[in-house]
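Asks: Got a sequence here, can you model it:
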Amino acid sequence: MRAFVSFSILSLIVVGLALSLSHVPFGQDRMRVADYYLDHGVTDTGAPNLVTAVVLNFRALDTLGEITVLFIASLGVGVFLSLQKKKDTTKAMKNLPEASLIVRRGSQFLFPLILLLGGYIFLHGHLTPGGGFQGGSVIASAFLLMLLGNTGYRLRQRPLALTESLAGITVVIIGLIGLGIGGYFLNNFLPKGSGFSLFSAGVIPILYAAIGLKVGAELAGIVANMFESGSER
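Replies: Numbers count the residues shown, from 1 in each chain. Just a heads-up that it's a prediction; the model follows:
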């Protein structure tokens with residue numbers, strides 16, 4: 001039975017790849033798409049960073065799918081760890097060896113600076129390399145540093161969940177407004193402003209800020225859950 005299921009899944013993958021490749025444009029057709037992005041990306045989106053233009057405009061719906069996958073992964077980790085045998089995590093974490101004074105003070109000093117760096121990365125994602133996923137990962141690393149450098153430090157899950165939910169709702173609301181105004185989901189309906197300025201590119205900076213906060217909250221929640229679960233053992 002297992003062999004049959006494995007063969008069926010493999011067959012579906014092969015058929016899916018064959019159908020996908022049969023519709024992939026090659027040669028001039030494929031370059032025509034790339035040339036359009038290069039020639040019209042800044043004009044259509046207002047974002048000098050063409051990677052951002054593609055991620056949050058030309059294929060923004062796909063990006064929403066990536067955010068959904070990350071949300072499901074975060075939810076799965078939380079559910080899995082909640083099913084484990086619960087113990088007094090506070091007592092278990094207090095039994096961990098205390099970090100040195102330099103590590104504690106160093107992590108506390110770097111924490112706000114790392115948060116500032118993460119915010120800078122996703123707020124300037126339409127102008128420079130970076131964006132919501134990168135900035136959110138940097139923000140999550142700040143909380144990881146605090147967990148590693150300060151014995152007994154715990155993250156409150158409710159604020160993280162609230163931030164994650166509000167950020168996700170923001171992305172969906174902006175997408176629906178774009179659908180109503182421009183006829184397609186996540187349409188860039190705001191003025192694009194002057195090029196190479198912070199307040200430009202329409203809705204893209206807002207989307208990146210929401211994605212950065214959402215990714216940061218999700219990854220920080222995953223790290224906190226795993227850290228507390230590991231401290232119980």
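Asks: For this protein, which segments count as helices?
Replies: For the chain, the helices identified by DSSP state H occupy 2-22, 27-45, 50-53, 60-82, 89-94, 101-123, 132-149, 157-182, 204-231, in order along the chain.
Asks: List the residues that contact residue 50.
Replies: When contacts are counted by CB atoms under 8 Å, 6 or more residues apart in numbering, residue 50 touches 37-38, 41-42. Placement of C-beta: from N, CA and C, glycine included.
Asks: Filter those residues down to the buried ones.
Replies: 37, 41-42 (16 or more other CB atoms under 10 Å).
Asks: With adjacent residues omitted, what lies nearest to residue 178?
Replies: With sequence-adjacent residues excluded and distances taken as CB to CB, 6 or more residues apart in numbering, residue 178 is closest to residue 187, at 3.2 Å.
Asks: Test my guess that that neighbour contacts residue 176.
Replies: No. Under the criterion of CB atoms under 8 Å, residue 187 lies out of contact with residue 176, with a separation of 10.0 Å.
Asks: And the two? Which one has more around it.
Replies: For residue 187 versus residue 176, neighbours defined as other CB atoms under 10 Å are more numerous around residue 187 (20 against 13).
Asks: contacting residues around the more buried one?
Replies: Remark: with contacts taken as CB under 8 Å, 6+ apart, residue 187 is in contact with 178-179, 181.
Asks: Apply the buried test to those residues and list what passes.
Replies: If we count by 16+ other CB under 10 Å, those have these buried: residue 178.
Asks: neighbours around the residue lying closest to residue 70 once chain neighbours are set aside, how many?
Replies: Distances taken as CB to CB, 6+ apart place residue 218 nearest to residue 70, at 5.7 Å, with adjacent residues excluded. A count of nearby residues for residue 218, using other CB under 10 Å, gives 26.
Asks: Relative to residue 54, how far out is residue 218?
Replies: Residue 218 sits 23 Å away from residue 54 when distances are taken as CB to CB, to the nearest Å.
Asks: What of residue 220?
Replies: Distance of residue 220 to residue 54, computed by CB to CB: 27 Å.
Asks: With neighbour numbers in mind, choose between these two.
Replies: Between residue 220 and residue 54, counted using other CB under 10 Å, the more crowded position is residue 220 (26 against 17).
Asks: ok, residue 170 - contacts?
Replies: By CB under 8 Å, 6+ apart, residue 170 lies in contact with 206, 210.
Asks: Kindly state the pLDDT recorded for it?
Replies: On pLDDT, residue 170 comes in at 94.
Asks: Residue 173 now?
Replies: Per-residue confidence at residue 173 stands at 93 (pLDDT).
Asks: show me the contacts for residue 60.
Replies: Applying CB under 8 Å, 6+ apart to residue 60 gives the contacts 175, 185-186, 207.
Asks: Farthest pair within those residues?
Replies: Taking CB to CB as the measure, these reach their widest spread between 185 and 207, a distance of 11.9 Å.
Asks: Who has more neighbours out of the two?
Replies: The residue with more neighbours, out of residue 185 and residue 207, is residue 207; 30 against 16, by other CB under 10 Å.
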